[in-house]
Structure formats: C-alpha cells, structure tokens
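In: only geometry, no sequence info:
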C-alpha cells in the first residue's frame, strides 16, 4: 500500500512538471523577442549539438528568436555548416578527416567574415532529403550544399536563399559506347537520378518537351546509382553538370568510358540558404559570398592581399576595412570591419576557390565568370 | 484497527485503482498535447505549413512502371505508393508462408541433408540485417545476374528477362474487366465445388474438386474474356525497351526475394515450434492408423499446428508489411519511398510522415483483422 501511494505521488509530480513545461513553452513563444540577450547566453554553453533533450529545447527557442543566429554563432564561436561528404570538387571528406571542396571553402569564408577564423567551422554531413529539416530545426546555421534555389523551396521549406555561389545546369551522362549523341536519342531509355532533388522532375519535363518516352529511377545514394548504371539498369545518369563532371572523373572504368551530352536542360542556381526571418544572419552570409566575388573584380588574391593594404584606390581600402582619411567604413552588417580582408587572406577570392576545386574536374568558368567576362557573378558595391 | 473500520481513502483499493487510471490518462493526454503544441508552434515560427494542402500540388516526379506522370498530384502519388506496398506485401506474405512452412517441416525431417540445409538457411538468414539482404538481392542476385537489354534472355517469345525487368504475357483491356471475368469464373467454380462436396456428404461420391472446377474456371474465363474484348499480349524487345506483356521491375523482384527469404526464416521457426507443440500421441495415433507421412502431416499434425502458429504468424505478416519500407533503398516506389521523395520535392515533412504512418497503420490493422478472423474460426469452442 505504501509503495502504491509513493508511485501515485511520483506520477502526480510528473504530471505537475509536465504541466509546468507546457505553460513555459507558450510563454517563450509569446515573449521570445523581448529577451534576446538571455537566449544568446543560454546557447553559449551549448557549443556542440547533442542529443540531449535540454539542448534541443534551447535550439528550438533560438529558432523562434528572430535574428538570433548571428548572435548565437558569435557566442558559440563556430559556424555549423550543412554540407555533404562525398561530392567530388564540391565537398569531400578526406582520409585525414579534413573537408576539402568548393562548398566547404564558402563555409570557411562565412566563418572568416563573421568570426575572423576560417577554421571555426563545424561541417555537418547531410543527406539530400534531410537538408531542409536540419536547417529548420536549427541543427545547422547555414546550408551550403549544392542546393538549387527554386520558388517552392524558398516559399515552402522555411528557408531563405541568398546570393548563388555557383550557376549550374542539369545535364545527362551516358556510356561512351552507347550510341546516344543527344537527349533526343533517348527514347525508351531509363535514367537514374538521385532522389529528393529537382532532377527527377527536370528529366521528365525535358522528355515531355522532346516528345519522347522514358523512365526515371531515383536512388537514395550515389553509390547505388553507380552500381545500377554499371549493371545496365539505366542508360543515362542525370544530375547537375558540375556533379556529373566530378562523378565522371572518379568513375571506376575511367572517365573516358563516359560521355556528358551537350544538352543542358535546366537552370540550377546553387545558393546558400538560411532560416526564414533571420535578416541579420542572411546579410552576413550574403556579404561573405560577395567578398570573394568583389575581391576577384579588384584582382585581390590571398597571395597579394597584403600589398593592397597600401593601395592608392580608396574603394579597395574601404573594401579591406583600412582607414581612409581617418574614417573606417562599417556598413552595419554586424561583421567586423576587416571581414573582407579575413575572407581573402584566409580563403581566397572566387577565382582561386574555383581553380582549386572545380577546374580540376574539367569544367570551364562559363556562367561562373565575372560579369565583365561574360559571366553572371556581380557583387553590389561595398560602400 | 478493528476489522470492520473503513480504511482511509489513500488505502482504499478501489479508489487507488481509479486514481491510478485517471493519472495515467492525464499523463498521456498531457504528453500528446505538449507534442502537438510543439509541432504547431515551431512550424508556425518556421513558416512551414502543417495542413494537408500539399496533397493537391503536382508531385513533380515519376513513378517508374506505374505510368505515373510527374504532373499528377501528390495525393495520387501517395495512393500509388500504398498500392505498391500492398503489391509486394501480399505476394510476399503468400510466398513467405509457403517457403516458411516447407523449411519448418524440413527442420524436423528424418533426412539428414534436408534437415541440415533447412537449419543452415534459418540460422544464416535470420541473423543478417534485412537491409543487407535487400541491397545484396538487388545488386548481386538481380542486377548482376540479368543480361543487358540488348542481350535479353528470351523463352519462345513468351518471357523476356533483362536488367529492365522480367516480362511475360498479360491481358489487354481494362483491368476491371479482367478482374470481373476472374471473379465470375471464381464464383462458378466455387458453386461447383459446393455441389461436389454436397454429393460427397449425401452419396459418398469422390469429390474430385480440382478436375471439376479447373476446366470450368478456364472455360468461363475464356468466354467472358472474349465477350468483354480482353486479349493477350506478349512482350517484345524494341530497341532499348520491352513493349507489350507485363513487366516486373528488378527492384520489385529484389525486394520480394529479400522479404520472402527473411520472413520465411522466421516463419520456419514458428512452424517447427508449433509442430513440436502438437502432442506426440497424435503422430503416434496416425501412424497406428497407417497414414502415410504426407497424410499424417496434412490431415493430423498441420491442422493442429496451425492453431498454435497463427498468432505469431500474424506478427510476421505485420513485420513483412513494415519491412517492405526498405524498398526505398533500392528505388522501389513503395509508400516510404514516395513519401520521402515528395518531401524532397518540398511537401512538408510532418504531415506527410503522419499520413504515411496512418496508411501503414490502416494496412497493418487490416492484416491483423484478417489473421484474427481466421484465429477465431480455428478456436476450439
């Protein structure tokens, strides 16, 4: 009997505690913007994301707090960047545990701009289908993961897309001996793609436009696509041209056994994304990307950036955060005045990042050249 | 304390029992309310919709082998996914039961080779994760074994096998007509079976059910098919594809094989246990009556073992249905694959997954209902 009443008392205590939790949750929802300092303080001891229930709750509060990500990143001293670990050229987890790639370098540029340290990045590998959930839930601060900016993702995923860092387009890869010269030869074929992407719909639309008939098979992992492709399950392998180039360069039978068809049948602006309603953080990420583009426009590289600190050109001095006539420009982006200098000296300009990671795949600059070279890269003036 | 004194309320067993139930109920309701409220508040803050409006949007992806166009709605995609789940689960349940019963009986066989082969099958398959079996079946058993479409295997123009699928002859015309024709033929055959059994009861005539019903079934189907304009097509290789007939995808095959052998290894153990649970005297009595080993199994042991095996078998059927969700790894468009694809194409995750779980729940409860129905019929009153 006594043990029964003890149990009863315990249950009552749990119910009371649970009730208290509900009311406090709603309180936070109503008053979250009133105490941003509190929230930043709470997250500072969090550091690494963990499975701990308390931490989860703090992250959720953080998400609810508009404009909190920049403060949270400054407090934590690290940018949690959502990437992937096996995309040649864009993001590859090396054998020694370091991350090398185009997307990784843009994560580093963001960290250099915000925190002054390009290594203050925690890379979080995400599956394609999980990437927006990870962003929405606050597991990552920014998504730089070959993600195409589309209207319905902008509207429906709780994500805000920023300045694209790579202009891509979807293409088709076939076996070199298949006798297929263009997509219009592909009547009655099967095309393998990665699932959870815009790729599936684009292939279907292109086939419909050409009036030909085909099947699209979508797989969860690139390895399985490759196995299916080798076994002859599919005739074509469709993805963004940049990805196909990377996959082709690492194909087991050698790159020459595959051909990328000349057709490019979609616009794929790959852009970083942050959570909706977080303007301060969005601006910080945007201007970190612009810094790399503007640096290339000025001809500043990681090697010669220190020479430009004594430049005659006031625009360049302003851009690098150097005092001009006793005044230093702080555009009010929430970034340190030397943010651009840190990005260029620690990571490099856009052309350097491209040449290191993308050029070895055999891809030309194309749309990813500067605007005065016929490309689409154009940074707003830094003044 | 005198025995007649009323105990205080905190020692009153009836009160405590009620209080306990009420507290438990309050706890459950509170937990659900907290979770639902969290989802609602967080989704509203993130600007993520939680309603079912996404079902009306175009799906933007195709479902291979189902002629599902990317312009059709998410709702039709979910329905198609659920149908594909049932397609693999129902056939899988039938085949796994047959294989499982055979292996289960084999484990008790007097033949050394059969007994040990059955044992190796059970002990190896049921100790491997199903995901491994699914991927292995797809890559090693199906894709590597089959030839490319240019070098298809052909069996006198009736069956064609390659990595695009295995094709066989099929009916032309609306599927409803085919089903109606089969249903009519089945009804006629069932009536004849009843008549034969009544002759057996009344006059002791040999029923010969199969030889009476089978020709009638074929004849009725043939004539109704002719009247409803149902024809037959055979598959044919045309360039890179197979046209005509019916094609079963390699993904379907691989998933089916994996589910069948995995579930059969569990069913075999249930069957073995159930047979051993039938009292030994039953087997001895049937031997005394000079029944052959097959007759003994068919008429004495298995009917009694079935009664014991049915509830755990039902569990295995539910497992098979749920395990079919692993088809998403090898691109078989069952319910899970469709749900995760539509989420990747910007359907909101929470309502889409809730809907998926609800559909699985409905399918599971339906299977349970069927198993329970037979369980009640087999019960000894």
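Out: That came in fine, so what should we check first? Model, not experiment: these values are computed from the prediction.

In: contact residues of the stretch 51-200 of chain B facing chain A?
Out: For the stretch 51-200 of chain B, the contact set with chain A under CB under 8 Å from any CB of the partner chain comprises B:60-62, B:64-65, B:69-70, B:135, B:139, B:143-144, B:146, B:148-149, B:162-164. For every residue, glycine as well, the C-beta is placed using N, CA and C.

In: out of those residues, which are buried?
Out: Buried members of those, counted by 16 or more other CB atoms under 10 Å in any protein chain shown: B:60-62, B:64-65, B:70, B:135, B:139, B:143, B:146, B:149, B:162-164.

In: pass me the low-pLDDT residue ranges in the stretch 251-381 of chain B, would you?
Out: Residue ranges of the stretch 251-381 of chain B with pLDDT under 70: B:381.

In: would you list every one of the helices in the chain?
Out: I went with chain A, as the question did not name one. Counting by DSSP state H, residue ranges of the helices within chain A are A:2-31, A:36-44, A:53-64, A:68-76, A:102-115, A:131-137, A:151-156, A:199-210, A:222-230, A:241-249, A:279-298, A:314-319, A:339-346, A:350-357.

In: correction: the question concerned chain B.
Out: Using DSSP H, the helices of chain B run over B:13-46, B:74-106, B:112-125, B:130-136, B:175-203, B:209-228, B:250-277, B:280-288, B:293-295, B:302-323, B:335-344, B:349-378.

In: from the contact counts, what lies against the fifth one?
Out: What that stands for is helix B:175-203. helix B:209-228 (3 or more CB pairs under 8 Å, 6 or more residues apart in numbering or on different chains; DSSP states H and E).

In: quick one on the thing from earlier: closest one to residue A:96 among the helices of chain B?
Out: The closest of these to residue A:96 is helix B:130-136. By CB to CB, the value is 28.8 Å.

In: separation between the residue nearest the centre of chain A and residue A:285?
Out: Nearest to the geometric centre of chain A sits residue A:144, at 0.8 Å (CA atoms, centre = their mean). Using CB to CB, to the nearest Å, we find residue A:144 at a distance of 9 Å from residue A:285.

In: got any residues that touch both of these two?
Out: By the contact definition CB atoms under 8 Å, 6 or more residues apart in numbering or on different chains, residue A:144 and residue A:285 are jointly contacted by A:110, A:272.

In: rewinding a little: and of the buried ones among the residues of the stretch 51-200 of chain B next to chain A, the nearest to residue A:93?
Out: Checking these against residue A:93 by CB to CB gives residue B:135 as the nearest, at 22.0 Å.

In: let me see the contact set for the closest one.
Out: With CB under 8 Å, 6+ apart, residue B:135 has these contacts: A:224, B:329, B:330.

In: save those residues as TSV, and put in distance to residue A:109 too.
Out: Shown next, in TSV, are those (distance: CB to CB, whole Å):
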residue	distance to residue A:109
A:224	33
B:329	36
B:330	39
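
In: top of those residues by number of neighbours, please.
Out: Using other CB atoms under 10 Å in any protein chain shown as the neighbour criterion, residue B:330 leads the contacts of residue B:135 with 27 neighbours.

In: ok, now which ones touch that one?
Out: Here residue B:330 is in contact with A:219, A:224, B:134, B:135, B:138, B:251, B:254, B:255 (CB under 8 Å, 6+ apart).

In: quick check, pLDDT for the fourth one.
Out: Going back to what we said before, that points to residue B:135. pLDDT recorded at residue B:135 is 92.
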